[in-house]
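[1] Okay, predicted coordinates and the sequence, questions at the end:
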Amino acid sequence: MRIILLGPPGAGKGTQAKSMSESLGIVHISSGDLLRDHQARGTELGNTAHSYMQQGLLVPDELIIGMIEERIQLPDAKNGYVLDGFPRTVEQAKALEEALEKQGETIDRVANISVSEEELILRLGGRWICRQCQKPYHEVNSVPRKHGVCDDCGGELYQREDDVPEAVSHRIKVFAEQTTPLIRYYTEKGNLVEVDGEGRIEEVRESLLSAVA
Ligand code: AMP
């Protein structure tokens, strides 16, 4: 099963993609995590992507497309995957479709998680993430048992540099301008399902699982 999760930054794509991948037995592929990993390793791609990411801008399509095409060829993606953060432009969606077509494959479902702008700003402003397993926490809504430490793996919690207010408002604007056209693109293809992302994590999870079933 190949699934795409769409939604603005802060909609919960990372949390939900992780949990869906566990329930469905398929891999979670996050373009943002892959880019942050490149940055941490100091690769050429990571260094180029850094200034775009820091400002909340999209990394150029040609860089991202190559990275994802390579990732979905790996053996662990054979049974399927949940794509989180990719595609983010219609060009990326078309490139993905072409790459899949060559292998006789298609995307089965696209789920769009919607959350109001006010809620996104609140969520991203207080977000802390585990450096090791990427689990997100929130300083008000989802506090770790021990300050600065991940409940699950004991990793160190950090605040992403693009979660500062200026980058957050850029990311929301970029989403509205460049990623919203994808909603129409997939609606026209007939495989888009809408999911309300404002409920509790478990409620959103259930809605997503039944929407993609
Ligand atoms: P995310 O972790 O999905 O919020 O992504 C963090 C940042 O990585 C974004 O603000 C972009 O700068 C970059 N990024 C991630 N995915 C993409 C993509 N599909 N296209 C372009 N830039 C991306």
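    Now that the structure is in, tell me what you want to look at. Numbering: from 1, shown residues only.
[2] And the helices in this protein?
    13-24, 31-41, 44-55, 61-73, 90-102, 117-125, 165-174, 180-189, 201-212 (DSSP state H).
[3] which bits of the chain sit near the ligand?
    9, 31-32, 35, 52-53, 56-59, 64, 85-88, 92, 162, 171 (C-beta under 6 Å from any ligand atom). For the C-beta atoms, the positions are set from N, CA and C on the backbone; glycine is no exception.
[4] any idea how far the nearest residue to L209 once chain neighbours are set aside lies from the ligand?
    Closest residue to L209 apart from its sequence neighbours, by C-beta to C-beta, 6 or more residues apart in numbering: S23 at 6.2 Å. Going from S23 to the ligand by C-beta to the nearest ligand atom, to the nearest Å gives 21 Å.
[5] Quick one: end-to-end length of stretch 70-85, please.
    16 Å (C-alpha to C-alpha, to the nearest Å).
[6] Residues in contact with that stretch: which ones?
    The contact list for stretch 70-85 (C-beta atoms under 8 Å, 6 or more residues apart in numbering) reads 1-5, 13-14, 17, 20-21, 24-32, 34, 68, 99, 108.
[7] Show me what residue of the protein gets nearest to the ligand.
    In the chain, the residue that lies nearest the ligand is G32 (1.9 Å; C-beta to the nearest ligand atom).
[8] can you redo the helices of the chain as CSV with mean neighbour count and mean pLDDT?
    Shown next, in CSV, are the helices of the chain (neighbours: other C-beta atoms under 10 Å; pLDDT from 0 to 100):
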stretch, mean neighbour count, mean pLDDT
helix 13-24, 19, 94
helix 31-41, 17, 95
helix 44-55, 15, 94
helix 61-73, 16, 95
helix 90-102, 15, 96
helix 117-125, 17, 91
helix 165-174, 16, 90
helix 180-189, 15, 94
helix 201-212, 16, 94
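[9] And the nearest residue to the residue of the chain closest to the ligand once chain neighbours are set aside, how far from I29?
    Of all residues not flanking G32 in the chain, G85 sits nearest, at 4.8 Å (C-beta to C-beta, 6+ apart). Computed with C-beta to C-beta, to the nearest Å, the distance linking G85 and I29 is 9 Å.
[10] what does G7 give?
    15 Å.
[11] do A77 as well
    According to C-beta to C-beta, A77 and I29 sit 7 Å apart.
[12] More neighbours: those two, which one.
    Taking other C-beta atoms under 10 Å, A77 and I29 do not tie; I29 has more neighbours (21 against 15).
[13] is it true that that one touches F86?
    Yes: at 7.4 Å, I29 counts as touching F86 under the criterion of C-beta atoms under 8 Å.
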